[in-house]
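In: predicted coordinates and the sequence they were generated for:
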Amino acid sequence: MRGHLKKRSKDSWSIVIDLGKDASGKRKQKWHTVKGTKKEAEAELSRLLNEVNMGQYIEPTRMLVAQYLEMWLKDYAEPNVSPKTHERYSQIIHQNINPKLGQHPLSKLKPLHIQAFYSECLLNGRKDGTGGLSARTVLHFHRLLRKACLQAVKWQLLAQNPAEAVDPPRPQRKEMNALNEMETALLLDKLNGEPLFAPVALAVTTGLRRGELLALSWKNINLDSGVMTINRSLEQTRAGLRFKPPKTERSRRQVPLPSIASDILREHRKKQTEERLRLGPAYQNNDLVFPRPDGTTMAPDAFSTNFAAFIRRSGLKHIRLHDLRHTHATQLLQQGINPKIVGERLGHSSIAITLDTYSHVLPGIQEDAVLKFDTSLRVAMQKQNSDK
């Protein structure tokens, strides 16, 4: 393979790469424009020729980053991710990435462009002009860009992934908000008699995700054996509500119920039956455990909003609905339950996620374990000495 330089103007050069002949015998060349000194142009020529020889050369296209990301959303993201995730990807691309990076030719997108974009987001990324975005938000941008550029490499639109050479911001780990046993009891006492009582009680006694709670049907709960089966979740997007498979394969699971949860569910089913009979034909029986009053599906956002409103009215410690899941896990770990069992109960895809999410709880557990071990061994040693 051969190539040469042609001077265009001061500090501007054309690189011509000879790629041989096509099927018709016509000579095939690719042109690249480089700004800089002749030495810099020669270095770029050498790099491109090396890519050709290594089979890594990607023919330049006129496609812009914005055009590619639209294609990626349609041809990759839409068939491969959930509608909720696709909606979020689309929002990030249209509102954040394309306005800043979309005008760059895809083949010329460099790590420096991406790094500058992250820095700008951290300083002045808010749409209302009041400052920067959080490091966690910008990290979401990075994960999307890295994934999209990786696909561009696989589609042979890029020779390498420019996002891999960029250092994303490191968000500080948020301190987890969880209730202790007394705070949990107070929450349930305040909720008793409220429509939210049963779903909140089940959330805090099982650690189910919000979508799993609202997708739960009575046919998947066996109150005699005290076990419920989780095999779907409820998702809310702009298009509406839909039931979908659980988040991961391990999210499809059986969850044993504590007796207090079984008792609450029995009472809840009794009241639900009475309400169904009272409404008659107006009630839509979809076999949901936690529907709206007329039996129709409750929107996840409405569930969270109602819970937040109750917390504000009650004067209780501020927690989010999702913190009930953290509460359940934290209390189990503090009681000495094996993290693997806790992770299986929560539907985590691996024990590593459980250990990482609840690492703040583990030091105290380690200390308790050492104390118990020490006490047990000392008792045994004292007994051994007394037997001599």
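Out: Sure, I can see it.
In: those helices in the stretch 201-350 of the chain, which residues are they?
Out: Under the criterion DSSP state H, counting those that start in this stretch, the stretch 201-350 of the chain contains helices at 210-215, 259-279, 300-314, 323-334, 339-346.
In: ok now the last one, how far from the chain's centre?
Out: In terms of CA atoms, centre = their mean, to the nearest Å, the gap separating the centre of helix 339-346 from the centre of its chain is 19 Å.
In: quick one: contacts of that helix?
Out: 206-207, 250, 253, 255, 325, 328-329, 332-333, 350-351, 353-355, 358, 362 (CB atoms under 8 Å, 6 or more residues apart in numbering). The way it works is simple: take the backbone N, C-alpha and C, and place the C-beta from them, glycine included.
In: sec struct for residue 179, please.
Out: coil (DSSP: H, G, I helix; E, B strand; the rest coil).
In: show me the contacts for it.
Out: By CB under 8 Å, 6+ apart, the contact set of residue 179 is 187, 204, 317, 319, 323, 324, 327.
In: which one of those residues is nearest to residue 27?
Out: residue 323 (67.0 Å; CB to CB).
In: what ranges do the strands span in this protein?
Out: 2-9, 12-21, 27-35, 221-222, 227-230, 233-237, 240-244, 253-256 (DSSP state E).
In: now residue 214. Nearest residue, chain neighbours left out?
Out: Distances taken as CB to CB, 6 or more residues apart in numbering put residue 234 closest to residue 214, at 4.4 Å, once the chain neighbours are dropped.
In: kindly report the same for residue 236.
Out: Here the residue nearest residue 236, using CB to CB, 6+ apart, is residue 300, at 4.8 Å.
In: pretty sure the one you found sits against residue 240.
Out: No. If you go by CB atoms under 8 Å, residue 300 and residue 240 don't touch, sitting 11.8 Å apart.
In: which one of the two has more residues nearby?
Out: residue 300 (21 against 10; other CB atoms under 10 Å).
In: quick one, which of the contacts of helix 339-346 are buried?
Out: Taking 16 or more other CB atoms under 10 Å as the criterion, what is buried in the contacts of helix 339-346 is 206, 207, 253, 255, 325, 328, 329, 332, 333, 354, 355, 358.
In: tell me which two in the contacts of residue 179 are the farthest apart.
Out: So, these by CB to CB: farthest apart are 204 and 317, at 13.3 Å.
In: related to what we said a few turns ago, nearest to residue 93, out of the helices of the stretch 201-350 of the chain?
Out: helix 300-314 (22.6 Å).
In: list the helices and strands that closest one packs on?
Out: Counting contacts by 3 or more CB pairs under 8 Å, 6 or more residues apart in numbering; DSSP states H and E, helix 300-314 is packed against helix 210-215, strand 233-237.
In: gap between that helix and the chain center?
Out: The answer for helix 300-314 is 23 Å, by CA atoms, centre = their mean.
In: which secondary structure elements does the helix-or-strand element of the chain with minimal mean pLDDT contact?
Out: Of all helical and strand segments in the chain, the minimum by mean pLDDT, DSSP states H and E falls on helix 362-386, at a mean of 77. Judged by 3+ CB pairs under 8 Å, 6+ apart, helix 362-386 is in contact with helix 323-334.
In: now do the helix it packs on: everything it contacts.
Out: The contact list for helix 323-334 (CB under 8 Å, 6+ apart) reads 176-181, 184, 200, 203-209, 319, 339, 341-342, 345-346, 354, 357-358, 361-362, 364-365.
In: change it to 6 Å
Out: 176, 177, 178, 179, 203, 204, 207, 342, 346, 358, 361 (CB atoms under 6 Å, 6 or more residues apart in numbering).
In: out of these, which is most surrounded?
Out: Neighbour counts for those (other CB under 10 Å) peak at residue 203, which has 26 neighbours.
In: for that one, what are its contacts?
Out: 213, 324.
In: quick one, grab the pLDDT at it.
Out: Residue 203 carries a pLDDT value of 97.
In: can you check residue 251 too?
Out: For residue 251, pLDDT reads 90.
In: re earlier: what angle separates the least confident helix or strand of the chain from helix 339-346?
Out: Put simply, helix 362-386 runs at 140 degrees to helix 339-346, going by axes from the mean of the first three to the mean of the last three CA atoms, to 10 degrees.
In: please compute how far helix 362-386 lies from its chain's middle.
Out: With CA atoms, centre = their mean, you get 41 Å for helix 362-386.
In: quick one, it and helix 323-334 angle?
Out: With the same axes, to 10 degrees as the basis, helix 362-386 and helix 323-334 are set at 20 degrees to each other.
In: who's in contact with helix 362-386?
Out: Contacts of helix 362-386 (CB under 6 Å, 6+ apart): none.
In: go ahead and confirm residue 262 touches residue 222.
Out: No. When contacts are counted by CB atoms under 6 Å, residue 262 is not listed as touching residue 222 (9.6 Å).
In: quick one, what contacts residue 205?
Out: 258, 261.
In: ok, it to residue 219 distance?
Out: The gap separating residue 205 from residue 219 is 20 Å, by CB to CB, to the nearest Å.
In: likewise residue 16?
Out: In terms of CB to CB, residue 16 sits 70 Å off from residue 219.
In: in the stretch 201-350 of the chain, where is pLDDT below threshold?
Out: Within the stretch 201-350 of the chain, not a single segment meets pLDDT under 70.
In: swap the cut-off to 90 and go again
Out: 238, 246-250, 334-338, 349 (pLDDT under 90).
In: what do you get for the stretch 51-200 of the chain?
Out: 51-63, 107-108, 127-130, 155-160, 170-177.
In: with adjacent residues omitted, what lies nearest to residue 42?
Out: Residue 42 sits nearest to residue 5 (CB to CB, 6+ apart), 6.8 Å away.
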